[in-house]
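Chemist: Give me coordinates for this.
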Amino acid sequence: MRQPLSRSCVVLFVLLLRPLTADAQGFGATAASKPRPWSRVSFFTNSARTVVAGGDARARSEFSTAFSYQLPDLDDDGADYGIDVRYAAYTQDGRPARTSIYEGFIGARLMHGRLRARAGHVWLSDVGALGAIAGGMLEFRQRRAGPDKGRIRVAAFGGLEPNILDTGYASNVKKYGAYVAYDGAGAQKHALGYVAIRHGALTERSVLTTTNFLPVRRKLFLYQAAEVNLEAPAGLGRTGLAYLFANARLTAIDRVELQGTYNRGRSIDARGLGDDVLSGRPIPQSTIDGLLYESAGGRVTVEAYRRLRVYAGISRDKTNRDTDVTTRYQVGGYASNVGGSGLDLTASDSLMERPSGRYHSWYGSAGRQAGRRTYLSADYSTSLSVIRFSRSDGLVIETRPHTTRVSGTATANLSRAWSLMATLERTSESDLSELRGLAGVTYRIR
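Modeler: Residues are numbered from 1 along each chain as shown. Got it, this is the predicted structure:
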């Protein structure tokens, strides 16, 4: 396991805790003209006590913290830096603490901000879920002609594959690629990328990625993301479409909004396939084929009265090629400041229909501002599932697990920088109950 980049990011973390000088940022520009870096640090504790019928109570706790510190995206010369790290520790025996580096880079902006270089842990959102690298990237930006004008960005990158949930890097895995993106007015954005992942001498993945967001006159919003396998994953999977998600939202007339979503993909453990191929282990066909899922649905939202919206929707889901289609019906609504009382209400019902049976999922919440800085809310949800299967002797077994959840949350903004949050939640099932508490504090600098 290679660790140099992890140690470099820890050093960077320490350096960023002290103020940066104007010389380190400015490359000759005055510090007064620079927007301040933004920063956020948070601490959370999560404790739960679970009681199983006929068994002993079990208690567990978790402590987590997150730290972010980054310079705003500027169109001028200067230093470029950012860090986003997480840490979690647990009370359970045998469960080790985890440190995760989402980002931790240093770099520079040159040619009036048109040329950018970064080295370290970098997250490239323009290539979607494949954008985590531990290495370097170089991006060239077209000069923006005006605040309402678009521009093109072109970049190349390469490095190691970082572990997302812990420090370190995937053994003998390298990643490289490039992308071209267009940033338009009104949050319009289009990106086309290529990512190659090499696992030793094996091509684990060779993927074309694309994301698009197109707002049309504040009436129509289109979003799409997709991945296409140009080569068979690990030499065994399937080429072609790996993932597609599309979302369209249209304000047809005043107070009426239409939304449609479509999601289709094939879930394959390409890393596991690569390990099996390189190790010479036998691979079942089901592992090569992966899981084929698909979902399509639509929803209509109507503003019935001022500050009151109701909605109804339907979708059809399929979790694998051999599974039955599930139909979901959804109805609900939400209202704010009901009758001038300051009370906010939300309620919904989801009905799932399968050939083996149907089940509901209810949800309701109420919230209200308490003073200038505190918001209190309570939530209630319940669901009943129908699970039916046939034994080898032909006998049909049916179970109906029932789950009820009740929770309360308080959020307080003590100042522009400090905020507190606390949640108490109780979950009950047929033979299990759990009491969980979550509390945290966040400090923001801007």
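
Chemist: Give me the nearest residue to Pro72, chain neighbours excluded.
Modeler: If the residues on either side of it in the chain are set aside, Pro72 comes closest to Pro35, at 4.9 Å by CB to CB, 6 or more residues apart in numbering. Glycine gets a C-beta too; all of them are placed from N, C-alpha and C.

Chemist: Look at that neighbour and give its secondary structure.
Modeler: Three-state assignment for Pro35 (DSSP: H, G, I helix; E, B strand; the rest coil): coil.

Chemist: I figured it hits Asp73, correct?
Modeler: No: using CB atoms under 8 Å, Pro35 makes no contact with Asp73, being 9.6 Å away.

Chemist: what sits against Thr239?
Modeler: Asn229, Leu230, Glu231, Ala232 (CB atoms under 8 Å, 6 or more residues apart in numbering).

Chemist: ok, the last one touching Arg266?
Modeler: No: using CB under 8 Å, Ala232 is not in contact with Arg266, being 11.7 Å away.

Chemist: which residues are in contact with both of these two?
Modeler: With CB under 8 Å, 6+ apart, Ala232 and Arg266 have common neighbours Arg238.

Chemist: Which residue, other than its chain neighbours, is closest to the most centrally placed residue in the chain?
Modeler: A centroid search over the chain (CA atoms, centre = their mean) returns Ala129, at 9.2 Å, as the residue closest to the centre. Distance criterion CB to CB, 6+ apart; nearest residue to Ala129, sequence neighbours excluded, is Glu227 at 7.9 Å.

Chemist: Same question for Val52.
Modeler: Leaving aside its chain neighbours, Val52 sits nearest to Leu432 (5.3 Å; criterion: CB to CB, 6+ apart).

Chemist: what's the neighbour count on the one you found?
Modeler: By other CB atoms under 10 Å, 14 other residues sit near Leu432.

Chemist: could you check the distance from it over to Gln92?
Modeler: Separation of Leu432 from Gln92 (CB to CB, to the nearest Å) stands at 18 Å.

Chemist: Give me the below-cutoff pLDDT ranges for the stretch 101-250 of the chain.
Modeler: Judged against pLDDT under 70, the stretch 101-250 of the chain has no low-scoring part.

Chemist: repeat that for 80
Modeler: Applying pLDDT under 80 to the stretch 101-250 of the chain flags residues 144-148.

Chemist: And the strands in it?
Modeler: Ranges of strands in the stretch 101-250 of the chain, per DSSP state E, counting those that start in this stretch, are 115-123, 132-141, 151-162, 169-183, 189-199, 202-216, 220-229, 240-253.

Chemist: Please identify which of the ones you listed is closest to Arg86.
Modeler: strand 115-123 (12.1 Å; CB to CB).

Chemist: That closest one pairs with which strands, parallel or anti?
Modeler: Strand 115-123 pairs in its sheet with strand 98-110 (antiparallel), strand 132-141 (antiparallel), by DSSP bridges.

Chemist: Show residues contacting the last one.
Modeler: The one in question is strand 132-141. Residues from elsewhere that reach strand 132-141, judged by CB under 8 Å, 6+ apart: 5, 75, 102, 113-124, 151-162, 164, 169, 175.

Chemist: For that strand, what is the distance to the chain centroid?
Modeler: How far strand 132-141 lies from its chain's middle: 21 Å, per CA atoms, centre = their mean, to the nearest Å.

Chemist: just stretch 342-354 next, same as before
Modeler: Centroid separation for stretch 342-354 versus its chain: 23 Å, with CA atoms, centre = their mean.

Chemist: buried residues in that stretch?
Modeler: Buried residues in stretch 342-354, defined by neighbour count with 16 or more other CB atoms under 10 Å: Asp344, Leu345, Thr346, Ala347, Ser348, Ser350, Met352, Arg354.

Chemist: list the contacts for the residue nearest to Val52?
Modeler: Residues near Leu432 by CB under 8 Å, 6+ apart: Thr50, Val51, Val52, Ala53.

Chemist: ok, the third one - how many residues close by?
Modeler: This points to Val52. For Val52, using other CB under 10 Å, the count is 13.

Chemist: on that earlier part again, ok, of the buried residues of stretch 342-354, which one's closest to Tyr305?
Modeler: The closest of those, once distances to Tyr305 are taken by CB to CB, is Leu345, at 12.9 Å.

Chemist: so what's that closest one bridging to?
Modeler: The partner residues for Leu345, given DSSP bridges, come to Ala335, Ala366.

Chemist: Secondary structure element holding the nearest residue to Gly342 once chain neighbours are set aside?
Modeler: Of all residues not flanking Gly342 in the chain, Arg368 sits nearest, at 5.2 Å (CB to CB, 6+ apart). Using DSSP states H and E, Arg368 falls within strand 357-370.

Chemist: Strand partners (parallel or antiparallel) of the helix or strand where Arg86 lies?
Modeler: Arg86 is part of strand 78-90, with elements assigned from DSSP H and E. If you go by DSSP bridges, strand 78-90 pairs up with strand 57-70 (antiparallel), strand 98-110 (antiparallel).

Chemist: Identify each buried residue in that strand, please.
Modeler: Gly78, Ala79, Asp80, Tyr81, Gly82, Ile83, Asp84, Val85, Arg86, Ala88, Tyr90.

Chemist: Sort out which one of these lies nearest Thr203 for me.
Modeler: Closest to Thr203 out of these is Asp84 (29.9 Å), distances taken as CB to CB.

Chemist: these two touch, right, that closest one and Ser100?
Modeler: No: contact between Asp84 and Ser100 fails when scored by CB under 8 Å: they sit 9.0 Å apart.

Chemist: Can I get the strands paired with strand 78-90 in TSV including distance to Arg205 and mean neighbour count?
Modeler: Formatted as TSV, those follow (distance: least, CB to CB, whole Å; neighbours: other CB atoms under 10 Å):
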stretch	distance to Arg205	mean neighbour count
strand 57-70	29	16
strand 98-110	21	19
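
Chemist: Ok, which of those comes nearest Asn212?
Modeler: Closest to Asn212 of these, according to CB to CB: strand 98-110, at 24.3 Å.

Chemist: Show me what Leu438 is bridged to.
Modeler: Asn46, Thr423.

Chemist: ugh, typo on my part, it should be Glu103
Modeler: Counting by DSSP bridges, the residues bridging with Glu103 are Asp84.

Chemist: Does it touch Ala119 like I think?
Modeler: No: the criterion here is CB under 8 Å, and Glu103 misses it with Ala119 at 11.9 Å.

Chemist: those helices in the stretch 251-400 of the chain, which residues are they?
Modeler: Applying DSSP state H, counting those that start in this stretch to the stretch 251-400 of the chain gives helices spanning 270-279, 285-289.

Chemist: Deepest-packed of these, please.
Modeler: Mean neighbours per residue, mean count of other CB atoms under 10 Å, is largest over these for helix 270-279, with a mean of 17.

Chemist: out of everything not next to it in sequence, what's closest to Tyr329?
Modeler: Distances taken as CB to CB, 6+ apart put Leu351 closest to Tyr329, at 4.5 Å, once the chain neighbours are dropped.
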